[in-house]
Structures are given as C-alpha cells and as structure tokens.
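# this one's structure only:
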C-alpha cells in the first residue's frame with residue numbers, strides 16, 4: 001500500500017517539495033472565494049482545486065458508537081483476528097472483506113439493508129456471487145433493519161430484523177461498518193466561498209468546474225463514481241483545466257470497476273436492469289465458465305461472461321464473474337468505448 005501510494009507520508013512530501021509544491025498540514029477552511037485558512041495561515045489563491053475525498057458513512061444506530069466498530073481502514077491492521085465478525089453493508093467493500101475474513105477462519109455475517117448484495121452490479125451475476133459466498137460459509141442477511149447495538153459479557157450484540165421475520169440477536173466479537181462513503185465537506189466552510197453542493201457532493205460541470213469559475217472539484221468530493229481510478233483521472237484533468245485555454249470534459253461514459261472477490265466480479269457499461277428501465281432494446285449473450293476449456297483446465301469454473309448488445313451490434317454492457325475477471329474485461333471496455 002505504501003509503495004502504490006508513493007511511499008511514506010514523509011517521502012511523498014519530500015517528492016512534492018522537490019517539484020516546488022508546498023504542503024501545509026491541517027484543516028483547510030474557506031474564508032472567502034479566494035482565501036483559505038490552514039491553522040493560523042491565510043492563503044490567497046487565484047485558482048482552487050478541492051480534492052478532499054470522502055469519509056466512511058456511519059449509520060445512526062442506537063449504541064453503535066458506544067459499543068465500538070471498525071472500518072475497512074482499521075480492518076487490515078487488526079492485531080488479532082475476531083472469531084465472529086458482523087459486516088454492516090453488502091456493497092463491494094463489505095463483500096470483499098467478508099470473503100477475506102471468511103477464508104482465514106472468521107465466522108462472518110453480512111447485514112445488508114437492501115434486498116440483495118452489490119446493488120450497482122448486474123443482478124444475475126451478483127446473485128450468483130452471493131450463492132458462492134454462502135457456500136463458503138458466509139451468512140448473508142438482506143432486508144435488514146439494525147435496531148440497536150450493545151455490549152454484553154458474550155460480545156457485541158446486534159439486534160436485527162430481516163423483513164417481516166422476528167427480531168434476532170447476533171453476538172459477535174467485532175463489527176465492520178462498510179455502508180459506503182460520503183464526500184468530505186463538513187470542515188471546508190463552502191458557504192463562505194459560495195460553492196454550490198447537492199445531495200451527492202460538490203456540483204461541477206463536465207470540465208469539473210464548480211459554479212465559481214476559478215474553483216474546481218475532483219474525486220469523491222463531487223460524488224458519482226467513487227473509485228480510485230476515477231479520482232486519479234479527475235485530479236489530473238482538474239489540474240490541466242485550471243490553467244488550460246481550452247478545458248477538456250471528463251468522459252464518464254465508460255467506467256469499469258471490479259469487486260475483488262474470488263471469483264472477481266467485473267462491470268462496465270449498463271446492467272440489464274438499467275437497459276430495461278430505460279426502454280433500450282438489447283440482446284443477451286452468455287458463456288458459462290464451466291464451458292470454457294481453459295477454465296476447466298485451471299479448475300476455475302465458477303461464473304460466467306454476460307454481454308448486453310444493442311440492435312446495432314455494439315456492446316452496451318459487459319459483466320464477468322470469473323477468476324481474473326478484471327483482466328478479461330479489458331477487451332469489453334474497448335468495445336464499449338467504441339459504442
């Protein structure tokens with residue numbers, strides 16, 4: 001992780017300093033549209049890029065904060081493994097950590113408020129992945145209402161209700177909150193600058209410019225697709241557009257993503273449900289991995305490839321549940337980009 005991020009914090013700061021970039025540590029806060037304060041220092045700027053990212057959403061459940069929990073950031077640094085783990089949230093992070101902990105011997109229960117796991121992925125493949133996870137011993141509970149959390153002599157007790165079923169008490173050693181992320185806006189004092197925000201985050205145009213012509217926003221802080229590769233591309237584009245005579249738009253037509261389970265679940269373009277809801281005519285092509293000779297030889301026969309094709313023969317969406325699905329998706333991404 002340190003290597004991917006560019007080394008330690010001190011090393012990254014030193015590298016930035018060599019490029020003539022000053023780094024100030026502290027909470028940045030707007031005083032006006034052209035003034036930002038960090039601690040006791042006031043910075044005047046002709047151009048501003050906001051890239052504060054996002055922070056974990058913590059559900060407002062009675063007793064949760066008092067009882068204690070971890071997020072995915074703390075989960076990789078646990079000094080000892082819990083015997084029993086409850087994961088609140090059945091999105092990509094919740095599912096990935098569920099399998100990770102399950103494979104190393106932890107008894108895992110996933111609590112998802114919605115009707116199914118991985119709501120943004122194609123339902124057919126996501127449901128198939130849920131079955132595979134269940135077969136590995138992970139308990140998946142959907143339509144869950146988490147009513148309260150409290151600490152007992154036996155561990156952390158979660159009171160839950162699944163749909164119309166009776167209330168149930170779940171005793172675990174640790175709780176991992178993986179509900180999702182929200183833009184980190186709270187400390188910025190955007191009102192002083194006059195930057196407009198919406199339900200998802202800071203409002204920007206296709207050039208990533210806010211309602212103020214000298215302020216841009218990039219990454220999770222503007223909502224939308226909260227992926228590292230998206231934030232990275234937007235950061236570069238915002239920096240370019242801040243000084244360009246002809247700013248370029250951010251192209252979000254083809255954004256792939258992968259849920260890193262085993263098998264992986266890869267996604268690009270529209271899901272079948274989205275095409276149905278939008279009234280777009282399409283055909284479905286499927287290939288089961290159990291029919292692929294290479295998969296059989298490797299003993300990796302779980303999953304399938306599913307392509308959604310328009311009347312003109314162009315791929316509208318591609319979804320793969322398979323070993324190394326992220327790599328297999330590359331050719332589908334190129335075809336989607338041509339559509």
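Received it, and whenever you're ready, just let me know what you need. Since this is a predicted model, take the numbers as computed values, not measurements. Numbers count the residues shown, from 1 in each chain.
# What helix or strand is residue 24 located in?
According to DSSP states H and E, residue 24 maps onto no helix or strand at all.
# The nearest residue to it once chain neighbours are set aside and residue 22, how far apart?
The spatially closest residue to residue 24, leaving aside those adjacent along the chain, is residue 38, at 4.6 Å (C-beta to C-beta, 6 or more residues apart in numbering). For every residue, glycine as well, the C-beta is placed using N, CA and C. Applying C-beta to C-beta, to the nearest Å, the value for residue 38 to residue 22 is 10 Å.
# What is the burial count for residue 192?
Residues lying near residue 192 (other C-beta atoms under 10 Å) number 15.
# buried residues in stretch 137-154?
138, 140, 141, 142, 144, 146, 149 (16 or more other C-beta atoms under 10 Å).
# In contact with the fifth one: list those residues for me.
Looking back up the chat, that one is residue 144. Residue 144 sits next to 111, 112, 113, 160, 161, 162 when contact means C-beta atoms under 8 Å, 6 or more residues apart in numbering.
# now those residues: which count as buried?
Buried among the contacts of residue 144 by 16+ other C-beta under 10 Å: 111, 112, 113, 160.
# can you list the residues you listed in CSV and add distance to residue 215?
Converted to CSV, the buried ones among the contacts of residue 144 look like this (distance: C-beta to C-beta, whole Å):
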residue, distance to residue 215
111, 39
112, 37
113, 35
160, 43
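# In strands only, show me those residues.
Of those, the ones assigned to strands by DSSP state E are 111, 160.
# Tell me the one of the buried ones among the contacts of residue 144 nearest residue 28?
Minimum distance to residue 28 across these is 33.5 Å, recorded for residue 113 (C-beta to C-beta).
# hang on, that closest one packs against residue 145?
Yes: between residue 113 and residue 145 a contact is recorded at 7.2 Å, counting by C-beta atoms under 8 Å.
# Nearest residue to residue 72 in space, please, no chain neighbours.
residue 93 (5.2 Å).
# Revised request: answer the last question for residue 91.
Per C-beta to C-beta, 6+ apart, closest to residue 91 is residue 180, 6.1 Å.
# What's the local residue count around that neighbour?
Using other C-beta under 10 Å: residue 180 sits among 15 other residues.
# Quick check: the gap between it and residue 327.
27 Å.
# same question, residue 139
For residue 139 relative to residue 327 (C-beta to C-beta), the value is 31 Å.
# go on, residue 206?
30 Å.
# go on, residue 315?
17 Å.
# between these two, who's got more neighbours?
residue 315 (23 against 13).
# dump the residue contacts of that one.
With C-beta under 8 Å, 6+ apart, residue 315 has these contacts: 269, 307, 308, 309, 332, 335, 336, 339.
# try 7 Å
Residue 315 makes contacts with 269, 307, 309, 332, 335, 336, 339, as judged by C-beta atoms under 7 Å, 6 or more residues apart in numbering.
# Next: residue 289.
Counted by C-beta under 7 Å, 6+ apart, residue 289 has contacts 295, 300, 301, 302, 303, 304, 322.
# Turn those residues into TSV, including secondary structure and pLDDT.
What follows is the contacts of residue 289, written out as TSV (DSSP: H, G, I helix; E, B strand; the rest coil; pLDDT from 0 to 100):
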residue	secondary structure	pLDDT
295	helix	96
300	coil	96
301	coil	97
302	coil	97
303	coil	97
304	strand	97
322	strand	98
